[in-house]
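S.K.: curious how this folds, go ahead:
(one chain, ligands or ions: 1)
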Amino acid sequence: MTAVTWHVLGAGSLGTLWACRLARAGLPVALLLRDAARLRQYQAAGGLTLVEQQHTELYPLAADTVAGTAPIRRLLVACKAYDAEHVVGQLAARLAPGTEVILLQNGLGSQDAVAAKIPHARCIFASSTEGAFRSADWQVTFAGHGFTWLGDPAQPTEPDWLAELSASGIPHQWSVDILTRLWRKLALNCAINPLTVLHDCRNGGLQLHPAQVATLCAELGELLEHCGQPEAAVDLHDEVQRVIQATAANYSSMHQDVSQGRRTEISYLLGYACAAAQRHQRSLPHLQQLHTQLVQHLQALGLPST
Ligand code: NAP
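M.R.: Numbers count the residues shown, from 1 in each chain. Okay, here's the model as predicted:
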C-alpha cells in the first residue's frame, strides 16, 4: 500500500520541524506555500533546513502553493491560529471525504472555526510542548524537545498513522481528553504571558507580582469549572508557580512576538478566555482588565489587537 502524503500547510517553525522529521523517515511530504512568490523563494533556497544541536541538514521537499489542485488526504495545519480558518477554507475543495486534518494551533477557537469550514474531514487537535524558531527564511532551529498530545473530541478512535510519528521520532500520545489539555495550556498561558508583556519581563519577573498571578489563577480556575473543564483547574496556581520558576530565564512566546513586532495569538488565548466568561455570564474582573490592558498595549505599539 502506498503511504498517504503528508501535506504540510505552512513551512514555518513547527511545519518545518514536522515536515523534515517525517521526510527523513522516508514518508512522502508535500509543502503547501502561500503563493507563487514564496514558492519561487523556496525553490531558490533548495529546500528546508533543520538545525538540531550541532547538526544542520537540508531537506529538498516537494512544494506547491495553496492554490494548487492536487487532492489532499492528510493535512498538517502548521500556520498561526489567526490564519488557519481562512487558509483551510481555501483548501476545502481539495479535501476528500474522510481526509484527516491535524491542527497544531495554540490556544482555542481556531480548531472549531476550521472544523466548521470542512465538515467532510476529520479534525484532530494537537497540543505541543516542542519548541522551534525560524533562524532564517526556510531555516528552523529545533530549540526545545517536548511532547505532542493529539486527540479528536468528536471521535476517540486512534488514527492509523500514529506509527508514522513514532517512526519519525516525533514524541506523541493519543489523548481522549485533548480539550482538557488545550484548556489547561490556555489557562497557563493566560496566567503568565500577558503579564510578562505588560511588565516587560522574563517569566521569572512574575515572582515580583505573586498576588496578581494568584488572583488570575483563581479567576481562571472558576472559568474552567464553568466551561465544563474542572480537571483543567486542578492545582492550576501551583503549576503556574512551578512554570514561572522553571522557565524564569525565558521570555514567553507572547513577549517574544511583541518585542519582535509580530502579531500575537491573543484572540485564541486571553481573548478566548474572556469571551467564554461572557458566554457563561461570569464576571471575572481581573481577567477582563488584563485583556483590556493588553489590547491597549498592543494598539499603542501599532500591533493587531485581535
Ligand atoms: P510560524 O513560524 O510563524 O509559521 C507559520 C507559517 O504559516 C509560515 O511559514 C507562514 O508562511 C505560513 N502561512 C501563513 N499563512 C499562510 C497561507 N495563507 N498559506 C500558506 N502558508 C501560510 O509559526 P509557528 O511558530 O510554527 O506556529 C504555528 C502554530 O504552532 C501557532 O499556533 C503556535 O502558537 C503553535 N506552536 C508553536 C510552537 C513553536 O515552538 N514555534 C510551539 C508550540 C505551538 P510565510 O513563511 O509565507 O509567512
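
S.K.: what helix or strand is residue 127 on?
M.R.: With elements delineated by DSSP states H and E, residue 127 resides in strand 122-128, which encompasses its position.

S.K.: pLDDT on whichever helix or strand comes after that strand, on average?
M.R.: Scanning forward in sequence from strand 122-128, with DSSP H and E defining helices and strands, the next element found is strand 131-136. Per-residue pLDDT values across strand 131-136 average out to 95.

S.K.: average pLDDT for the helix or strand containing residue 293?
M.R.: Take DSSP H and E as the rule and residue 293 turns out to sit in helix 285-300. For helix 285-300, mean pLDDT is 98.

S.K.: i'd like the first residue to be 5 from this point on
M.R.: All set: I'll call the first residue 5, so the last point we hit is now helix 289-304.

S.K.: any idea of the pLDDT on the residue in the chain positioned nearest to the ligand?
M.R.: At 1.7 Å from the ligand, residue 16 is the closest residue in the chain, using Cβ to the nearest ligand atom. For the C-beta atoms, the positions are set from N, CA and C on the backbone; glycine is no exception. At residue 16 the predicted local distance difference test score is 97.

S.K.: so who does it touch?
M.R.: In this structure, residue 16 makes contact with 82, 83, 138, 144, judged by Cβ atoms under 8 Å, 6 or more residues apart in numbering.

S.K.: quick one, helices of the stretch 155-304 of the chain?
M.R.: For the stretch 155-304 of the chain, helices defined by DSSP state H, counting those that start in this stretch occupy the ranges 166-171, 182-202, 214-230, 234-237, 240-250, 257-263, 274-283, 289-304.

S.K.: show residues contacting the fourth one.
M.R.: Pointing back at helix 234-237 there. Counting contacts by Cβ under 8 Å, 6+ apart, the residues outside helix 234-237 that touch it are 181, 184, 185, 187, 188, 191, 224, 225, 226, 228, 229.

S.K.: same check, this time on the first one
M.R.: Helix 166-171 is contacted by residues 7, 26, 29, 31, 152, 154, 176, 178 when judged by Cβ under 8 Å, 6+ apart.

S.K.: of the residues you listed, which belong to helices?
M.R.: With helices taken from DSSP state H, the overlap with those comprises residue 26.

S.K.: using a markdown table, lay out the contacts of helix 166-171 together with distance to residue 70 and neighbour count.
M.R.: Shown next, in a markdown table, are those (distance: Cβ to Cβ, whole Å; neighbours: other Cβ atoms under 10 Å):
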| residue | distance to residue 70 | neighbour count |
| --- | --- | --- |
| 7 | 22 | 12 |
| 26 | 19 | 26 |
| 29 | 25 | 15 |
| 31 | 21 | 18 |
| 152 | 24 | 19 |
| 154 | 23 | 22 |
| 176 | 26 | 16 |
| 178 | 29 | 16 |
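
S.K.: among the contacts of residue 16, which are within reach of the ligand?
M.R.: 82, 83, 138 (Cβ under 6 Å from any ligand atom).
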